[in-house]
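**Q** any chance you can model this:
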Amino acid sequence: MTSNTKIRLLIIAAVTLVCIYGIIGLPTSTAQLTANWRNNIKLGTDLQGGSNLIYQIQMQDAFKGEADTVIQRLRDELTKASIPFADMNRNEPTFETAFRSTSPVCPRPGRAISAWW
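**A** Numbers count the residues shown, from 1 in each chain. Have a look, this model is predicted:
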C-alpha cells in the first residue's frame, strides 16, 4: 500500500470512531450501551413503520375551477330564462359578463352592461 492510501484509511477510521463515540459515548455496561443507542438514535417516520402525507391545495387553480363552474351555471340559467348575453369569461381576479338586452329589466335597453363579481 502506498502512503497516500494509508493516510486515507486512517482518516476514514478516525471519522468512523468519532461518529460512533458521538452516538453511543463510552458506556461502562451493555445496559448503558443500549440506553445510549436508544436515546441518541431517532428513527424517522418511515423507519418507525408510519408515513407522513402533506396535502397542498393550489388555491389559484381551485378558484379558477369554481369560477368556471359558476360561469357555466350562469350561462345555463340565462339561456333557460331566455335572457340574451354577449359574452361571459373569466379574467384572473374576476370574471366579466356582458349583457345585451331589450327587456324592461335592463336599465338601458340595447346597450351592453358589464357586471364584475
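**Q** residues of the helix or strand encompassing G65 that come out buried?
**A** Using DSSP states H and E, G65 sits within helix 59-80. By neighbour count on 16 or more other CB atoms under 10 Å, the buried set for helix 59-80 is A67, I71, L74. Just so you know, the C-beta spots here come from the backbone N, C-alpha and C atoms, and that holds for glycine as well.
**Q** just stretch 17-28 next, same as before
**A** For stretch 17-28, a neighbour-count test (16+ other CB under 10 Å) marks I24 as buried.
**Q** contacting residues around it?
**A** Residues from elsewhere that reach stretch 17-28, judged by CB atoms under 8 Å, 6 or more residues apart in numbering: L33, N36, W37, N40, I41.
**Q** and for stretch 39-54?
**A** For stretch 39-54, contacts defined as CB under 8 Å, 6+ apart pick out G22, I23, I24.
**Q** can you add distance to M59 and give those back as JSON lines?
**A** Listed next are the contacts of stretch 39-54 as JSON lines, based on distance: CB to CB, whole Å:
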{"residue": "G22", "distance to M59": "44"}
{"residue": "I23", "distance to M59": "44"}
{"residue": "I24", "distance to M59": "48"}
